[in-house]
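Visitor: Give me the fold of what follows.
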Amino acid sequence: MTQSVSSFAAAEPEGAWADLFRGRNLAVVTVMAGGVLLYAMNLYFTAALLPSIVAGIGGQEFYAWVTTGFVIAAIFGSLMVSRMLARRGPGAAYTLALILFAAGALLAASAPGMQALLAARLVQGLGGGVLAGLGYAVIRTALPEALWARATGLISAMWGLGTLFGPSLGGLFAELGLWRWAFGLLALAACLMILPARRGFRAIAPVALREALPVASLITLMAAVVAISVSAVLPVGWPTVVSLAVGGLLLIGFARVERRATQTILPRLTWQRGNRLKWIYLTVAALSTGVMLENFIPLFAQQLAGLGPLLAGLLGAVLSLAWVLAQLYSVTLASAAARARAIRLGPVLLVLGLFAYGLMQQQGAAPWLTLLQALSLALAGVGIGLCWPLLGVAAMSSATDPAEGGKAAAAITTTQLIAFSIVSAFAGLLMAAGQGSPQGAATWVSLGIALLCLPGIWFGMRAAKK
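Guide: Next up, the predicted model:
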């Protein structure tokens, strides 16, 4: 019998934060959180290194693909999580993912040219996608149910910490002219996690998965992501319109294939009439869309407010910091009504904060206006933090079958990565709409991303509905 999302809301958290770090749980949560942190930091870490990389090995024409290729490979990796868990179990899955990530980082550190770097990023992205997906997928089988909410909160906090520390560490290595050593550090961190991964998950057996690889869904989804991502590097005009249109049609095709197929990427519950799982994923997508604004905030702060790189970076970190702090509160919510309110309220605060920030873009912004921008970004971050961990627990609690529950949890990361790739492409078009004006670009990107998040208010209401 299928367990509904509302039954998740009825369950009260019993475990304490300290229980996450006792006994075997310590190794488990360290690996789960560390894997997600590696992935999250790498995104922003590499962005800060790219100017130095291009100066060193050339290949500026492939600049965007250093990140795009990584994300596309990560999406594919996240889609393989359920099958890796079914075949070998979490210990072996983590070991393979960490080896792939470390190998990709080492190849990037030694890359003689941009083509070699792109190939290395594909390997690294494949491992990173598995790490990010495993972070949510193994909670259900590795930890008692009383700790699910807190573990989900801890793991989702790693995304916020990645945006806090990734740019600063990457900038430091770039400043010192040591970009190759930066990738070496990532490889070392991944290698140090292999032994805890093997020991912490040693007693957890593989979960039976009774279906084959969903080839049709996989091909359609990956083609859609590639088509939309390509639009970000095409000349603005008809080429981008055609690329986005093809990507949109392929996404519709993906949904149609998933509805009819016997082997699917998303849990079958997603497509059942009246089931809330699809609204959970759509809410996650809307929240992920808002997160993408962080990539642009430091740029806008330097161009419009005249802030230095450090202060501009700190302004960009406000959203993530508020996200992390808010979810420390949301995971303690005990009643069904309180959790439902948090899921409904989160997207509302996110949209209000982003719209307020977008409307305050002004050339030569005074300090008081920059402070108001920081407050609006904090509001948006609180919105994400209020409901993100609750959505994660809702997804993994959507089925009593462990295989389907793990698949539902892993699909959170897949949804997140797809949203990142799509919004990244749209953000490039919004930047171009500013017609070379820093204020115009900042306004278009900020308000455009806020509009893309707007449907999340309705999605959140459906996800929280009993």
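Visitor: Can you get me a residue count around residue 252?
Guide: 12 (other Cβ atoms under 10 Å). All C-beta atoms are positioned from the backbone trio N, CA, C, and that covers glycine.
Visitor: That one sits in which helix or strand?
Guide: Per DSSP states H and E, residue 252 falls inside helix 238-260.
Visitor: what about that helix, distance to the chain center?
Guide: Relative to its chain's centre, helix 238-260 lies at 21 Å (Cα atoms, centre = their mean, to the nearest Å).
Visitor: now do stretch 237-253
Guide: Its chain's C-alpha centre and that of stretch 237-253 lie 23 Å apart, by Cα atoms, centre = their mean.
Visitor: go on, stretch 126-146?
Guide: The mean C-alpha position of stretch 126-146 is separated from the chain mean by 14 Å, Cα atoms, centre = their mean.
Visitor: what comes up buried for it?
Guide: Using 16 or more other Cβ atoms under 10 Å as the test for burial, stretch 126-146 gives 126-143, 145.
Visitor: Using PDB, write out every CA atom in the helix holding residue 252.
Guide: Coordinates of each C-alpha in helix 238-260 appear next as PDB, following Å, rounded to 0.1, in the frame of the first residue of the first chain:
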ATOM      1  CA  TRP A 238      16.600  32.500 -34.300                       C
ATOM      2  CA  PRO A 239      19.300  29.900 -33.300                       C
ATOM      3  CA  THR A 240      18.500  30.400 -29.600                       C
ATOM      4  CA  VAL A 241      14.700  30.400 -30.200                       C
ATOM      5  CA  VAL A 242      14.900  27.200 -32.200                       C
ATOM      6  CA  SER A 243      17.200  25.500 -29.600                       C
ATOM      7  CA  LEU A 244      14.800  26.400 -26.800                       C
ATOM      8  CA  ALA A 245      11.800  25.300 -28.700                       C
ATOM      9  CA  VAL A 246      13.400  21.900 -29.500                       C
ATOM     10  CA  GLY A 247      14.300  21.500 -25.900                       C
ATOM     11  CA  GLY A 248      10.800  22.400 -24.700                       C
ATOM     12  CA  LEU A 249       9.200  19.900 -27.100                       C
ATOM     13  CA  LEU A 250      11.600  17.200 -26.000                       C
ATOM     14  CA  LEU A 251      10.700  17.900 -22.300                       C
ATOM     15  CA  ILE A 252       7.000  17.400 -23.300                       C
ATOM     16  CA  GLY A 253       8.000  14.300 -25.100                       C
ATOM     17  CA  PHE A 254       9.900  13.100 -22.000                       C
ATOM     18  CA  ALA A 255       6.700  13.500 -19.900                       C
ATOM     19  CA  ARG A 256       4.600  11.600 -22.400                       C
ATOM     20  CA  VAL A 257       7.200   8.700 -22.600                       C
ATOM     21  CA  GLU A 258       7.300   8.500 -18.800                       C
ATOM     22  CA  ARG A 259       3.500   8.300 -18.500                       C
ATOM     23  CA  ARG A 260       3.300   5.400 -20.800                       C
END
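Visitor: Run through who's touching that helix.
Guide: Residues outside helix 238-260 that contact it (Cβ atoms under 8 Å, 6 or more residues apart in numbering) are 214, 216-217, 220-221, 223-228, 230-231, 234, 264-266, 270-271, 422, 425, 429.
Visitor: Just give the closest residue to residue 448, not the sequence neighbours.
Guide: Nearest residue to residue 448 in three dimensions, chain neighbours excluded: residue 430, at 4.2 Å (Cβ to Cβ, 6 or more residues apart in numbering).
Visitor: And residue 431, by the same measure?
Guide: Counting by Cβ to Cβ, 6+ apart, residue 441 is the residue found nearest to residue 431 once chain neighbours are left out, at 4.9 Å.
Visitor: List the contacts of the one you found.
Guide: When contacts are counted by Cβ under 8 Å, 6+ apart, residue 441 touches 300, 430, 431, 433, 434.
Visitor: Neighbours of the third one, how many?
Guide: Counted with other Cβ under 10 Å, the neighbours of residue 431 add up to 20.
Visitor: Isn't it up against residue 446?
Guide: No: look at residue 431 against residue 446 with Cβ atoms under 8 Å: they stay out of range, at 11.0 Å.
Visitor: anything in contact with each of the two?
Guide: With Cβ under 8 Å, 6+ apart, residue 431 and residue 446 have common neighbours residue 296.
Visitor: where along the stretch 351-466 of the chain do the strands fall?
Guide: Shown for the stretch 351-466 of the chain, no strands are assigned by DSSP state E, counting those that start in this stretch.
Visitor: re earlier: mind checking which of the contacts of helix 238-260 are in strands?
Guide: Among the contacts of helix 238-260, DSSP state E puts none in strands.
Visitor: Sort out for me which of the residues you listed are in helices.
Guide: Within the contacts of helix 238-260, residues falling in helices by DSSP state H are 216-217, 220-221, 223-228, 230, 422, 425, 429.
Visitor: Present those residues as CSV; the columns should include distance to residue 24.
Guide: Shown next, in CSV, are the ones in helices among the contacts of helix 238-260 (distance: Cβ to Cβ, whole Å):
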residue, distance to residue 24
216, 40
217, 35
220, 40
221, 36
223, 42
224, 40
225, 37
226, 41
227, 44
228, 42
230, 45
422, 38
425, 42
429, 48
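Visitor: Could you dump those into a markdown table with pLDDT and distance to residue 166 added?
Guide: A markdown table is the format used below for the ones in helices among the contacts of helix 238-260 (pLDDT from 0 to 100; distance: Cβ to Cβ, whole Å):
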| residue | pLDDT | distance to residue 166 |
| --- | --- | --- |
| 216 | 86 | 36 |
| 217 | 84 | 32 |
| 220 | 90 | 32 |
| 221 | 85 | 27 |
| 223 | 89 | 30 |
| 224 | 88 | 27 |
| 225 | 82 | 23 |
| 226 | 83 | 25 |
| 227 | 86 | 28 |
| 228 | 82 | 24 |
| 230 | 80 | 25 |
| 422 | 82 | 21 |
| 425 | 75 | 21 |
| 429 | 77 | 25 |
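Visitor: For the residues you listed, which two are the farthest from each other?
Guide: Farthest pair in these (Cβ to Cβ) is 216 and 429. Separation: 29.6 Å.
Visitor: so where's this protein uncertain?
Guide: For the chain, the stretches with pLDDT under 70 are 1-15, 47-48, 60-61, 63-64, 205-212, 232, 309-310, 399-406, 466.
Visitor: Can you name every helix or strand that the longest helix anywhere in the chain contacts?
Guide: Secondary structure of the chain per DSSP H: the longest helix is helix 24-57. Helix 24-57 sits against helix 63-79, helix 90-109, helix 114-137, helix 139-142, helix 148-175, helix 179-192, helix 194-200, with contacts defined as 3 or more Cβ pairs under 8 Å, 6 or more residues apart in numbering; DSSP states H and E.
Visitor: hmm, which of the contacts of residue 441 are the buried ones?
Guide: Neighbour-count burial (16+ other Cβ under 10 Å) is assigned, among the contacts of residue 441, to 300, 430, 431, 434.
Visitor: ok, now which ones touch the second one?
Guide: Contacts here follow Cβ under 8 Å, 6+ apart; on that basis residue 430 touches 441, 444, 445, 448, 449.
Visitor: Nearest the geometric middle of the chain, what residue?
Guide: Central residue of the chain (Cα atoms, centre = their mean): residue 416, 4.5 Å from the mean position.
Visitor: Hmm, residue 288 and that residue touching each other?
Guide: Yes: applying Cβ under 8 Å, one finds residue 416 in contact with residue 288, separated by 4.7 Å.
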